[in-house]
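> Starting from these lines, generate the structure:
(chains A and B)
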Amino acid sequence: MTSPDERPAQPLWRRGRFGAIFEVAATPVASVFLALVVAGLIILASSFVTTGSFDWTLPFVAYGALLQGSIGSQSAILNTILQAAPLVLGGLGVGIGFKAGLFNIGGQGQFLLAATAAAGVGAALATAPAPLAITASLLAGMLAGAFWGWIPGALKAWSGAHEVVTTIMLNSIAAALIGFLILGPLLAPGFSFGRTGDLGNSILPIILGDNVHLGVLFAVAAVPAVWWLLFRSTLGFEIRSVGANPSAARYAGMRPKFLTMLTMSLSGLLFGIAGSTEILGVSHFMIPSYGTSIGFDAIAVALLGRSHPFGIAAAALLFGALRAGAGLMQVIAGIPAEIVDVIQAIILLFLAADVVVRHLFRIRAAGGISDLKTVTSSYAGRGR
Amino acid sequence: MDQLTTFLDSLPVLGVVFQLIGYLVVTIPVIAPIFVALAAPIALGALCGIMNERSGVVNIGIEGMMLSSAFSAFLVAALVAQAMGPGDPFPVFGATIPILVGLVAAVATGMLVSTLHAWLSISIRADQIISGTIINILAFGLTGYLNRLIVSPNPRLGAGILQPLDLPDFLVDLPLIGWIIEGFFAHGPITISVLFLVVFLQIWLFRSRWGLRTRAVGEHPKAAETVGIDVIRLRYKNVILGGIFAGLAGAYLTLEQSGSFQNGMTSGRGFIALAAVIFGRWTPIGAFGAALLFTASEALRVAISLTPPTGQLGDLLQAIPPEFFGALPYAVTLVVLVAAVGRSVPPAAVGKPYMREKRT
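Reported below is the predicted structural model:
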């Protein structure tokens, strides 16, 4: 029988507030570390595949280039921030869904539709005063994203169709829809390929360096905003209650169906901000084959950030840095930039297999992926 | 009779509907082979889903399993062909040794990825939807990476594709059923095998001891365990065997349909397969029917591009933007899924990790 006082003294880094952060962050950090090691081995194996002999220095050369391209210079850091901004917004979108027990895999469709709406309205208002043009285009994008998120929410609330399947179908429908819009009503004449018109005054102003645009501030502001919404507001309490236990929430007088639709709309709204700011700030026009993997990237960000806004911001910065540095790595070390997707997936793998990670590093803290139980238990149509 | 059809076709709005029916009656026999071929990978993916979910494991990683199998089938077949030459094709299906090795590699990859899913969701007891998502992301990343690393620098890499079965003319020309025979059998071996696999799995699931036990484990694992069924072991077996079907679906895409690999070439088929599982009420035959339904619109698009309809119907279809038909399979899946959910009841224990109670 040991009383609490007789337990061995905790090391310094496990005490107090810092200790609380350590508890939460230990498994994700260990997973990232392990994933980088495994990816290093993959890079090593790649050198064997391409040249026929093991180049032991290649992983270090590659990671060196990755660091240089992501935090090695001022422009590299700004690039990282620029890459991280949509990931923050998307990660928050997925994370807020997780809190409500909803799994939004449809970020890609919401992003693309919002981008198209913003590009269309922006081109139409190209000669209007800048504040009006920008506000209207952003609003159009946000509404489009929220609407495309609301659909799976409504389908789940009314029929019980699980959002994992419906959002994927809506991704493909969105891809066709934007193709129709961009080659149809929104088509700009006078170009050799199908695209929307020039944005003119709707382009977001640059606020930092050569390329960091005003839209990045949305990502910065969204983190505390979502944190406040989730943990300090009544609505956030309701969202989290529905996520933890829908029947208990209904019993307590909350409206699970309404909250399902609202959360999915909010999630779509966040992806909508990401999509419209990317167009208005970076690409400046929209094409039918606009390539993005934001839907899955955002899931990775939300899982690594443990669905907490601050964790999501940290995870998004990490993945943003990987994406920013991948180009230089491809040039210097000849490693395809797709290695970033592989690293991302391996991080998730270790997070899911958190038992193994915690055993390896003797972590006694909390596990890798929690508070998602209702996502799976609602699969295949047990409605709310 | 001719007067009647002319009269019906000239009706204001209904006329177009009658024209459409007439058009379908004429074209369905022509497009039946395309129809079945389009449904094949979805049906195979659905069989994988059924194996998983009937034993109580959600699998949304079918897409990733198909993608990784498609890639390994292509890569292995191409590398073998490069190393030892394509070799002589066999008399049926134009199969060569590299293609057969690729087929084996695809099935092995499907089983390997399934083992990962089984380990994560059964032993680690990770969230099963997260496990499936991870498999999808991993498959997309890894195939994209290896494709860029190995395949892109060697554009001549390839091993050819399996050829459709040459049916004797007297079978195809049979009145009334000739086109059905052609529809189901004028294909490569993987598509032909789908029909047999569906029937086999239906019987196996509902008429065999293994099937009964599988369903028991998916409905009420604790009860199954009390009568002496090893729940963990049986779930492992089913999930890993299910990988065979996903592997075949992947092999179909690269070795029977296209002969090349593109990043993300599964383009949502794994998820349509999931919807087919639900709409088919977790039965193989039902899922096959659902897969046919989901690809019907795609087949119709092919039919329209091959033999454009004439008259009013033709004008109407001309006016519809091509993107509409691109979105149609997904929209049909979505609508059908919404209608089916609630009326089709999933296995009760699906998605719940099983934890054996400790002996006291």
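> Work out for me the element the closest residue to chain B within chain A sits within.
As assessed by Cβ to the nearest Cβ, chain B sits closest to residue A:341 within chain A, at 3.0 Å. For glycine as for every other residue, the C-beta is placed from the backbone atoms N, C-alpha and C. Assigned by DSSP states H and E, residue A:341 belongs to helix A:339-352.
> how far does that helix sit from the chain's center?
14 Å (Cα atoms, centre = their mean, to the nearest Å).
> Just the C-alphas of the next helix or strand after it, formatted as CSV.
Using DSSP H and E, the helix or strand that follows helix A:339-352 in sequence is helix A:354-360. Provided in CSV are the C-alpha atoms of helix A:354-360 (Å, rounded to 0.1, in the frame of the first residue of the first chain):
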residue,chain,number,x,y,z
ASP,A,354,0.1,4.4,-30.0
VAL,A,355,0.5,1.3,-27.7
VAL,A,356,3.7,0.4,-29.6
VAL,A,357,5.0,4.0,-29.5
ARG,A,358,4.3,4.4,-25.8
HIS,A,359,6.0,1.1,-25.1
LEU,A,360,9.1,2.1,-27.1
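> which residues touch the residue of chain A closest to chain B?
A:293, B:137, B:140, B:141, B:142, B:144, B:145 (Cβ atoms under 8 Å, 6 or more residues apart in numbering or on different chains).
> That one and residue A:118, how far apart?
To residue A:118, residue A:341 is 26 Å away according to Cβ to Cβ, to the nearest Å.
> same check, this time on residue A:358
As defined by Cβ to Cβ, residue A:358 lies at a distance of 43 Å from residue A:118.
> Looking at those two, which one has more neighbours?
Using other Cβ atoms under 10 Å in any protein chain shown, the more surrounded residue of residue A:358 and residue A:118 is residue A:118, with 33 against 19.
> any bit of the helix or strand encompassing that one sitting next to chain B?
Residue A:118 belongs to helix A:107-124 when elements are defined using DSSP H and E. No - figure legend: helix A:107-124 not in contact with chain B (Cβ under 8 Å from any Cβ of the partner chain); closest approach 10.3 Å.
> From the chain's centroid, how far away is that helix?
Worked out by Cα atoms, centre = their mean, helix A:107-124 lies 17 Å from the chain centre.
> tell me what that helix is packed against?
Applying 3 or more Cβ pairs under 8 Å, 6 or more residues apart in numbering or on different chains; DSSP states H and E, we find helix A:107-124 packed against helix A:74-99, helix A:130-159, helix A:163-183, helix A:256-278, helix A:294-304.
> for the second one, packing partners?
Translated: helix A:130-159. Under the contact definition 3+ Cβ pairs under 8 Å, 6+ apart, helix A:130-159 sits against helix A:107-124, helix A:163-183, helix A:256-278, helix B:322-340.
> So, low pLDDT: which residues of the chain?
I'll assume chain A. Scanning chain A with the threshold set as pLDDT under 70 gives A:1-16, A:364-384.
> That was the other one, I meant chain B.
Short version for chain B, where the test is pLDDT under 70: B:1, B:12, B:342-344, B:357-360.
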